[in-house]
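>>> Attaching a predicted model along with its sequence, questions to come.
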Amino acid sequence: MFYLLVLRPALRRSPGAARTINESVAAEFRVIVETCMFVLLATGVILTFNRLTPGVVGVPYAATLAVKIVLAIWMFVLARGRRRRPALMSLIRDDVPEAPKSWLQRAIRAVSGYNAVVILGIAVLLLADALKVLYESALENG
């Protein structure tokens, strides 16, 4: 969220310093992000086993959990791929790609890259809330 709402617009206003700032931010932020990913994965695994082993939850909970896991994996793969892509692209070429011309190209660009990671993150967060509601209702009914 910080990247999309604060850093990215600031970098667009100062294109000369963008590369240097991006590299500095990435170096400082990488450790925090990797630690957070590890904590999220570890607590997710613990919570999954904790809620599935008593046999209280039903098919809706399991299906929602499966969708959440798939989206989270997709999000992590995209984030990892985005981190390596700039280094590879700088080896290939240093020019900036031209802006998309059609509405379809603009729409695809808007929901790809880091935007896709944020969209998937919001979806995973909403699914976590749905899982909480499903679990609590299963406890009440069971």
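It's in. Because the structure is predicted, anything quoted here is derived from the model rather than measured.
>>> could you give me the average pLDDT of stretch 45-58?
Regarding stretch 45-58, the rounded mean pLDDT is 89.
>>> err, stretch 133-142, not the other one
pLDDT averaged over stretch 133-142 gives 88.
>>> Show me what counts as buried in it.
For stretch 133-142, burial by neighbour count (16 or more other C-beta atoms under 10 Å) applies to L134, Y135, A138. C-beta coordinates here come from the backbone N, C-alpha and C atoms, glycine included.
>>> chain center to whichever strand or helix holds F29: distance?
Assessed by DSSP states H and E, F29 sits inside helix 15-52. Relative to its parent chain, helix 15-52 has a centroid offset of 9 Å by C-alpha atoms, centre = their mean, to the nearest Å.
>>> Select from the buried residues of stretch 133-142 every entry located in helices.
Secondary structure assignment by DSSP state H places L134, Y135, A138 of the buried residues of stretch 133-142 in helices.
>>> for G121, what are its contacts?
Counting by C-beta atoms under 8 Å, 6 or more residues apart in numbering, G121 touches M75.
>>> where's it, which helix or strand?
Using DSSP H and E, G121 falls in helix 114-141.
>>> That helix to helix 15-52, inter-axis angle?
Relative orientation of helix 114-141 versus helix 15-52 (axes from the mean of the first three to the mean of the last three C-alpha atoms, to 10 degrees): 20 degrees.
>>> gap between helix 114-141 and the chain center?
On C-alpha atoms, centre = their mean, the centre of helix 114-141 falls 14 Å from the chain's centre.
>>> Can you tell me the closest non-neighbouring residue to L7?
Leaving aside its sequence neighbours, L7 sits nearest to V25 (C-beta to C-beta, 6 or more residues apart in numbering; 6.6 Å).
>>> likewise A18?
Leaving aside its chain neighbours, A18 sits nearest to L11 (4.2 Å; criterion: C-beta to C-beta, 6+ apart).
>>> And A79, by the same measure?
Residue nearest to A79 in three dimensions, not counting chain neighbours: V117, with 5.1 Å by C-beta to C-beta, 6+ apart.
>>> V77 is in contact with the one you found, correct?
No - using C-beta atoms under 8 Å, V117 is not in contact with V77, being 9.8 Å away.
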